[in-house]
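In: sequence below, structure please.
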Amino acid sequence: MPEPEAGNWDDYRFALAVFRAGTVSAAARQLGVDHATVIRRIERLERGLGEALFQRRASGYVPTEAGHHVAATADAVESAIINGQGLVARAAARLTGTVRIGAPDGFGSSFLAPRLGSLVERHPELDIQLVATARLFSLSKREADIAIGLSLPQEGRIVGRKLTDYHLKLYAAPDYLARFPPIAGRRDLERHRFIGYIEELLYSPELDYLQQVAPGTGARLRSANLNAQLQAAVAGLGLAVLPCFMAARRADLSCVLPDEITLVRGFWLMMHADSRDLARIRAVVEHIYAVVEAERELFLDPGRGA
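Out: This next block holds a predicted model:
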């Protein structure tokens, strides 16, 4: 297996970024450099090792056997550096550095974003990046330092635990309910329009819940973004299954069949095993747990409780 040359770690860092991202352009964005710099660094490393690390294809860079070995070596070095940072941070009085949080769009934008203020005030030198979008985040590829997901991965060096359960119910705008036939039971839902996810863009099977609410129906308006679904429901475009923490306290939405329809899902907080002891990561994790615990009832059906 190729071994890193003295003082040559930076080239290995570039190779690891390409290995994780799959393309030079994506690696360049992650590293904050231009496309040509990444290519130059990879080519220099290949010349020094006397091995081709990637096969250049139209779809991206595919690692060779040597590329896999180099990526494993670089990953181990990166892990050692992260662990070393943790030791240094524990000896320091203040927290500095960047912490990126990957979270589902609804939880990230509606709940977490407004509750990061006290964390920023306590640690003014901490750079918090919140990526709130409908996708899975790869902690192994360092796409985020902390990820909030709907399930715990079964593979990889990922650690985490349940953050909270949350309830979902069926909602519609009062204007929509006034214009369409009354809903006294589930069978009445057959005559109504639904708002939901685009099936092929579902990033987690836990989000495929429309058939649990109204079997045999399909959404007339679809979006991969939960906030877009909520806004469509507020505009009176149809019925939508929405988390209680987003919809229950809104005056412009009414709960439909509140005694019959309640779904339960869960949020999990995860991080890579190599970074869980970093002081800056621990501080952010503890803050997220604290704000969720302080308002746990927000995530539950107001009519049912825990």
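In: just the strands in the stretch 201-306 of the chain please.
Out: Taking DSSP state E, counting those that start in this stretch as the test, the strands found in the stretch 201-306 of the chain are 221-222, 239-243, 254-256, 263-272.
In: can you count the residues close to Trp9?
Out: 13 (other Cβ atoms under 10 Å). Placement of C-beta: from N, CA and C, glycine included.
In: likewise Ala279?
Out: Quick note: Ala279 (other Cβ under 10 Å) scores 21 neighbours.
In: and Lys162, by the same measure?
Out: The burial count for Lys162: 10, using other Cβ under 10 Å.
In: element containing it, please.
Out: For Lys162, the host element (DSSP states H and E) is strand 158-172.
In: tell me the pLDDT at the residue of the chain positioned farthest from its centre?
Out: The centre of the chain is farthest from one residue, Gly50, which by Cα atoms, centre = their mean lies 38.7 Å away. At Gly50, the model reports a pLDDT of 87.
In: quick one: contacts for Asp105?
Out: Ala132, Thr133, Ala134, Asn225, Leu226, Asn227 (Cβ atoms under 8 Å, 6 or more residues apart in numbering).
In: 10 Å instead, please
Out: Taking Cβ atoms under 10 Å, 6 or more residues apart in numbering, we find Asp105 in contact with Val131, Ala132, Thr133, Ala134, Arg135, Ala224, Asn225, Leu226, Asn227, Ala228, Gln229.
In: what's the neighbour count on the last one?
Out: Neighbour count of Gln229, defined by other Cβ under 10 Å: 27.
In: next: Gly67.
Out: Gly67, neighbours per other Cβ under 10 Å, totals 22.
In: can you pull the buried residues of the strand holding Lys162?
Out: Ile158, Gly160, Leu163, Thr164, Tyr166, His167, Leu168, Lys169, Leu170, Tyr171, Ala172 (16 or more other Cβ atoms under 10 Å).
In: give the pairing partners of it; include direction for each.
Out: Applying DSSP bridges to the sheet, strand 158-172 is found paired with strand 239-243 (antiparallel), strand 254-256 (antiparallel), strand 263-272 (antiparallel).
In: packing partners of the helix or strand following it?
Out: Counting by DSSP H and E, the next helix or strand C-terminal to strand 158-172 is helix 174-179. Judged by 3 or more Cβ pairs under 10 Å, 6 or more residues apart in numbering; DSSP states H and E, helix 174-179 is in contact with helix 226-234, strand 254-256.
In: list the buried residues for the longest one?
Out: Within helix 226-234, the residues scored as buried using 16+ other Cβ under 10 Å are Leu226, Asn227, Gln229, Leu230, Ala232, Ala233, Val234.
In: on contacts alone, who are the packing partners of that helix?
Out: In this structure, helix 226-234 packs against helix 105-106, strand 158-172, helix 174-179, strand 194-196, strand 221-222, strand 239-243, helix 244-247, with contacts taken as 3+ Cβ pairs under 10 Å, 6+ apart.
In: neighbouring strands of the fourth one in the sheet, and parallel or not?
Out: Meaning strand 194-196. Take DSSP bridges as the rule and strand 194-196 pairs in its sheet with strand 221-222 (parallel), strand 239-243 (parallel).
In: winner for burial among the strands paired with strand 158-172?
Out: strand 239-243 (a mean of 26; mean count of other Cβ atoms under 10 Å).
In: can I get that one in PDB, CA atoms only?
Out: C-alpha atoms of strand 239-243 as PDB (Å, rounded to 0.1, in the frame of the first residue of the first chain):
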ATOM      1  CA  LEU A 239     -54.600  18.400   2.300                       C
ATOM      2  CA  ALA A 240     -51.100  17.700   3.500                       C
ATOM      3  CA  VAL A 241     -49.500  15.400   6.100                       C
ATOM      4  CA  LEU A 242     -47.300  17.700   8.200                       C
ATOM      5  CA  PRO A 243     -45.300  17.500  11.400                       C
END
